[in-house]
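Visitor: Build me a structure from this.
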Amino acid sequence: MYDLNTLAPVPVPVPDPQSATAAVSVASRLGEILGAANVFTDPADLSSFAIEGTVPAAVARPRAAEEVAALVKFAAAEKLAIVPCGARTKMSMGMPPRQYDIAVDMTRINRILAYDPDDLTLSVEPGLPLRELAAALTQRHQFLPLAVPFFDRATIGGTIASGVDSPLRQFYGTARDYTLGMEFVTGDGALVKSGGRVVKNVSGYDMHKLMIGSFGTLGIITKINLRTFPLPEMTRTYLATFDDAAGACEFRHAIARSFLRPQSLEIIAAGGAPSAAHLLAPFASERDWCVVISVAGNALVLGRSRRELESMSRQGEHPARDFTELAPADERKILPLLREFPGGAPRSNLPSALLKISALPSDLQVVAEAISRLAAEQQVSWTLLMRGVGIVYLSLAAADASAESSLRLAAACDAISSRCNGRQWDSAAFLWRSRESGSKTNAWAPVRDDISLIHRLKNTFDPANIFAPGRFVGGV
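Guide: Residues are numbered from 1 along each chain as shown. Sure thing, here's the model as predicted:
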């Protein structure tokens, strides 16, 4: 942490480990706040909340924002570290916390508080499953563009707090663009409101946007206000196959320069990885570079989009080998695969890792070709998914289970981290990484030059450092 006046580093307070006797006392005190039935200490229950092998002393399940605030005040007074969670689909992301005393299970705080379809606004509690929320919106022919990994299980709060993105960000942007306001609990137990429930809201600072992607290290979200969108009249998905990254990226750039505004634009290549073959079959071979474009609109818009896309795919120095409109059945197969890829698919039984790399869209070809070379040098298999906006997801797997192959995988991971540390690419993060692929001490590589600002924010929102200490960038 940093002193707000001098910006000088100050010691980060870390709670002392709790003894077994103290753990019983903690559970008893939590029971007074939440009711004994909403506090769990059984080892079988606790193990499902483990992070990188670290198990909490207790699991607390609040029912309302006021209970969350009371729980946080207790934790701050006793110097206990807490980690908020929902469906626990993304617990492997980020760094393991330095200390982990209480898991705060938010799944009981799960209501739709307000919904105004005419104004396209929505207010929900964080424990609401995305699938249930989508079903409620569909009844009014609306949706949220959160086609994110773990969609069938994830909660809206966990999705927002982890900052995972969606293929639909190509057209709709990220959650930052349609999150209107929030209510959250800070590290001293204060219940804070930021933003509002209307689209045009200009009062105050957008403090709630700091919660997006912070992994629960700044506060615990208790309410989210969102903008909804009308469901498209019709959608179509098109697939263009190329021999190399140059052709796929050339096509991507041509679309970006055109009048077309697709819902999503993804480039995927399997790099010969056997575990990734199902991503492309039966649409293309393992060696193909595929561009998948989804377009929404009426019949006239879709007809013109197809003509323009097919024409652009045949032009340039590296024309497409094939362009096709996917049948509805194939569309229903491939879009969930692309949505779920950042969640870890395709995972391998072999030592493996999954990285998220941020780059300029103009550098996608450079990134793809560099990854291909690194993988070939270290003899590791790879699967690559590149969003048209410049976000790259890279799955790496060792050739076999031997120690030599594990060392090669670790070397490939280190080389990619070094590229980011050298600013050749903007940033990289290991979303998950098997033990054989190397240490996870650099999960958020690289540490940016503005890390002092992140520490200042942490010190302001969580002065006692009780929210998931060490889980975020720079040990925050």
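Visitor: ok, which stretches of the stretch 201-350 of the chain are strands?
Guide: Along the stretch 201-350 of the chain, counting by DSSP state E, counting those that start in this stretch, strands occupy 220-227, 229-230, 234-242, 264-269, 289-297, 322-325.
Visitor: Tell me where the longest helix sits in this protein.
Guide: helix 403-421 (DSSP state H).
Visitor: tell me the mean pLDDT for it?
Guide: Model confidence over helix 403-421, given as mean pLDDT, is 84.
Visitor: And stretch 243-257, by the same measure?
Guide: Taken as a whole, stretch 243-257 carries a mean pLDDT of 96.
Visitor: what about the helices in the stretch 201-350 of the chain?
Guide: When assigned using DSSP state H, counting those that start in this stretch, the helices of the stretch 201-350 of the chain occupy the ranges 245-257, 277-280, 299-313, 328-340.
Visitor: re earlier: got a markdown table for the strands of the stretch 201-350 of the chain, with distance to F341 and mean neighbour count too?
Guide: (C-beta placed from N, C-alpha, C; glycine too.) Shown next, in a markdown table, are the strands of the stretch 201-350 of the chain (distance: least, CB to CB, whole Å; neighbours: other CB atoms under 10 Å):
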| stretch | distance to F341 | mean neighbour count |
| --- | --- | --- |
| strand 220-227 | 24 | 25 |
| strand 229-230 | 23 | 14 |
| strand 234-242 | 16 | 21 |
| strand 264-269 | 8 | 25 |
| strand 289-297 | 11 | 23 |
| strand 322-325 | 21 | 16 |
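Visitor: I'd like to know which of those is closest to A411.
Guide: Distance to A411, taken as CB to CB, is lowest for strand 264-269 among the strands of the stretch 201-350 of the chain, at 21.4 Å.
Visitor: quick one on the thing from earlier: could you single out the most deeply buried of the helices of the stretch 201-350 of the chain?
Guide: Of all the helices of the stretch 201-350 of the chain, helix 245-257 carries the top mean neighbour count, a mean of 20, counting by mean count of other CB atoms under 10 Å.
Visitor: Run the angle between that helix and strand 234-242 for me.
Guide: If you take axes from the mean of the first three to the mean of the last three CA atoms, to 10 degrees, helix 245-257 sits at 150 degrees to strand 234-242.
Visitor: Next one: I112, what pLDDT does it get?
Guide: Listed pLDDT for I112 reads 97.
Visitor: what's near enough to touch A415?
Guide: L374, Q378 (CB atoms under 8 Å, 6 or more residues apart in numbering).
Visitor: Relative to L128, how far out is it?
Guide: Note on A415: its distance to L128, by CB to CB, to the nearest Å, is 41 Å.
Visitor: try L431
Guide: Taking CB to CB as the measure, L431 falls 24 Å from L128.
Visitor: do R307 as well
Guide: Distance of R307 to L128, computed by CB to CB: 41 Å.
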